[in-house]
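Please work out how this folds:
(2 chains)
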Amino acid sequence: MQHADGFVALLFAAIFAAVFYCLWRAKRGHVPFIRRIAGVAALDEAIERATELGRPVVFGMGNGDLRAIETHASLSVLAYLARLAARLRTPFTALIRSPDVYPVAEEVMRQAYTAEGVPDQFRPKEQVLYLSTDSVIYAMGAARLIEESKAGCAVFFGAFDFTSLLMAEPGARMGVLQIAGDPSLFQIPFFVCTCDHTIIGEEYFAAGAYLSRDPATRATLLSQDIIKGIFAGLIILGTLVAQLHTPLAEWLVKLLTKYK
Amino acid sequence: MRRSVVRWITFVGGLFFLLEFLLPEKWATPLGEVRNPLTQSLGGVTDFLIVVGTMAFLLGPLNLVRAHGATLWRRHKGWVESAAFLVFLVVGALAEALREKPWATLAANVYKVLFDGLMTGFGTSSMALLAFYLVSAAHRAFRVNNLDSSLMMASAAIILLGQVPVGDWMTCRLPDALQLRTWAQWILMVPNSGVQRAVLIGACGGAFATGLRYWLGIGGRNE
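Just a heads-up that it's a prediction; the model follows:
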């Protein structure tokens, strides 16, 4: 098992300090301005459109298990959308690929319906569907459900693999409003081709906080920028120092290259 | 009460892994070398997590049985497919369990038909479908509507042509700097790599901040 050395521990301390600084500011009432993230802002519009059309909303979770942070970010968005759908009385189905995520997703949706005062409207057997751990079967199942239910909108939020196109293309052909979020880079081109909005990279992790009304949660978004700033600073420092060709510079470059 | 208990368990669990990572594996004291006690108990904790994960593993198939069983029982739309699913589930599970027994040649044959015959065929068909979808999606993506799509179209054309012999043939008489291969390599290695790294750094920062948020129990999923 790997252990942190002094430099990594220092980075951890800097990142922790950034998060705690943002929380401290939030407690004092300074909630940072958050730019509009088009894909995340379109989630409300997608559910409202499905409601107007009287069609269901399909939410596809990615292939991560409960240990993956992507899954937790996805569950946050699921909670928000399920709550919105419950408020608008719009049929909502969540598609699950990982068995250990299934009970958590069911509980998240139950809480969303309870929070909106309509726990009796939540039907777990029909609304939380485990399809398969196999990515091809999951994708084909999701595509079939979108087609057969004539979905008003489909949201794919999680880490997906090569089957993303299998899942999203039928909906694109039918003109279903589709929004996809994926933290990895490889499926983004396929989602860009097939979805109306695509949430990429840091936006994916920011979505949960962006949708939240809790000031402390929103404040942690600023820490994402500070963390990025720390890494950008290290890159610039490394680039500048690499030009100096002194023993100290060489040592610093060697150190930074080790963590590349 | 329930929520605070969950938050405390999450915090203590996260703290264990964080301290295990931050503390060195061993350090010297006047009384001798001390090993990190958290590292020593890491195996047990990981085993516990695997056991809990395995307990949850059955929930997915159980949900499938429950959902398809209800459809079949009430004769809802699609009950024939549900019946087929349940039959294949039972037959597949039995074939998998018995196929290595020396006396169960039928089970081995059924397994072969189900997995080598059906599953492989279905998988291959799905992948073939993917090829058609790729063409259809690429056609949609390459429509030039605005400046962004024009840039994407131009760079895609350069990269595609720069990596195939016909692209080399088209510009082989030009100086190196004007050849499509050079342009394609530049697009891939400079702007593309830069953007990819930027997105990855942003995503890593986001993952870190999100992880800390859940670990510290900041906000809730339904707040």
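
State the mean pLDDT of stretch A:36-43.
Stretch A:36-43 shows a mean pLDDT of 90.

So it, near chain B or not?
No: counting by C-beta under 8 Å from any C-beta of the partner chain, chain B is not contacted by stretch A:36-43; separation bottoms out at 11.8 Å. In short, each C-beta sits where N, CA and C put it, glycine included.

next one: stretch A:132-144
Yes: for stretch A:132-144, a contact with chain B is found by C-beta under 8 Å from any C-beta, at A:133, A:136, A:139-140.

Out of the residues you listed, which sit inside helices?
Residues of those located in helices (DSSP state H): A:136, A:139-140.

circling back: could you identify the buried members of the residues of stretch A:132-144 next to chain B?
Neighbour counting with 16 or more other C-beta atoms under 10 Å in any protein chain shown marks A:133, A:136, A:139-140 as buried within those.

Tell me which two of those residues sit farthest apart.
Distance extremes for these: the farthest pair is A:T133 and A:M140 at 13.6 Å, using C-beta to C-beta.

can you map out the helices along chain A?
Counting by DSSP H, the helices of chain A are A:6-27, A:38-53, A:69-88, A:102-115, A:124-127, A:135-148, A:164-174, A:188-194, A:201-211, A:215-242, A:247-258.

ok, B:A28 - contacts?
B:V34 (C-beta atoms under 8 Å, 6 or more residues apart in numbering or on different chains).

next SSE after the host helix or strand of it?
Using DSSP states H and E, B:A28 sits within strand B:26-29. Counting by DSSP H and E, the next helix or strand C-terminal to strand B:26-29 is strand B:32-35.

ok, back up a step: which one of the helices of chain A is the most hemmed in?
Stretch with highest mean neighbour count among these: helix A:201-211 (a mean of 26; mean count of other C-beta atoms under 10 Å in any protein chain shown).

now it, how far from the chain's geometric center?
Remark: helix A:201-211 is offset 6 Å from the chain centroid, using C-alpha atoms, centre = their mean, to the nearest Å.

Next: stretch B:55-68.
21 Å.

Check which residues of that stretch are buried.
By 16+ other C-beta under 10 Å, the buried positions in stretch B:55-68 come out as B:56, B:59-61, B:63-64, B:67-68.

Can you spell out the domain ranges of the chain, please?
Unless you meant another one, I'm taking chain A. Residue ranges for the domains of chain A, per automatic domain parsing: A:38-211, A:217-260.

nope, chain B please
Taken from automatic domain parsing, chain B resolves into B:1-57, B:75-141, B:144-223.

so where is chain B shaky, pLDDT-wise?
For chain B, residues meeting the criterion pLDDT under 70 lie at B:219-223.

before we move on, the earlier item: looking at the domains of chain B, which is buried most?
Comparing these by mean neighbour count (mean count of other C-beta under 10 Å), domain B:144-223 ranks first with a mean of 15.

ok, back up a step: can I get the residues of stretch A:132-144 next to chain B in a markdown table with pLDDT and distance to B:R143?
Supplementary listing: the residues of stretch A:132-144 next to chain B in a markdown table, determined by pLDDT from 0 to 100; distance: C-beta to C-beta, whole Å:
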| residue | pLDDT | distance to B:R143 |
| --- | --- | --- |
| A:T133 | 87 | 36 |
| A:V136 | 88 | 28 |
| A:A139 | 92 | 25 |
| A:M140 | 90 | 27 |
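
wait, which of those is closest to B:D47?
Looking across these and measuring by C-beta to C-beta, the closest to B:D47 is A:T133, at 21.7 Å.

Kindly provide the distance from the nearest residue to that closest one once chain neighbours are set aside to B:G69.
Leaving aside its chain neighbours, A:T133 sits nearest to A:R97 (6.2 Å; criterion: C-beta to C-beta, 6 or more residues apart in numbering or on different chains). From A:R97 across to B:G69, the span is 21 Å (C-beta to C-beta, to the nearest Å).

And these two? Which one has more around it.
A:R97 (27 against 15; other C-beta atoms under 10 Å in any protein chain shown).

ok, the more buried one touching A:V136?
No: applying C-beta atoms under 8 Å, one finds A:R97 not in contact with A:V136, separated by 11.2 Å.

Nearest to B:H76, out of the domains of chain A?
domain A:38-211 (10.0 Å).

returning to that earlier point: so which of the buried ones among the residues of stretch A:132-144 next to chain B comes closest to chain B?
Closest approach to chain B among those (C-beta to the nearest C-beta): A:V136, at 4.8 Å.

related to what we said a few turns ago, who does the strand holding B:A28 pair with, and is each partner parallel or antiparallel?
When pairing is defined by DSSP bridges, strand B:26-29 lines up against strand B:32-35 (antiparallel).

any idea which helix or strand comes after the strand it pairs with?
Counting by DSSP H and E, the next helix or strand C-terminal to strand B:32-35 is helix B:37-40.

OK, contacts around residue 216?
In the absence of a named chain, this looks at chain A. Applying C-beta under 8 Å, 6+ apart to A:A216 gives the contacts A:23, A:26-27, B:218-219.

could you do chain B instead?
Going by C-beta under 8 Å, 6+ apart, B:L216 touches A:19, B:11.

how much space is there between it and B:A207?
To B:A207, B:L216 is 15 Å away according to C-beta to C-beta.

do the same with A:A18
14 Å.

Likewise for A:A242?
Distance of A:A242 to B:A207, computed by C-beta to C-beta: 28 Å.

can you redo the contacts of A:A216 as CSV with distance to A:L88?
Output for the contacts of A:A216, formatted as CSV (distance: C-beta to C-beta, whole Å):
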residue, distance to A:L88
A:L23, 33
A:A26, 30
A:K27, 34
B:I218, 28
B:G219, 23
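
Tell me the one of the residues you listed nearest B:L89?
Closest approach between the contacts of A:A216 and B:L89, by C-beta to C-beta: B:G219, at 40.0 Å.

Would you point out which residue is most central in chain A?
Residue closest to the average C-alpha location in chain A (C-alpha atoms, centre = their mean): A:Y204, at 3.7 Å.

ok, now which ones touch that residue?
Taking C-beta under 8 Å, 6+ apart, we find A:Y204 in contact with A:70, A:73, A:157, A:181-183, B:203, B:206.
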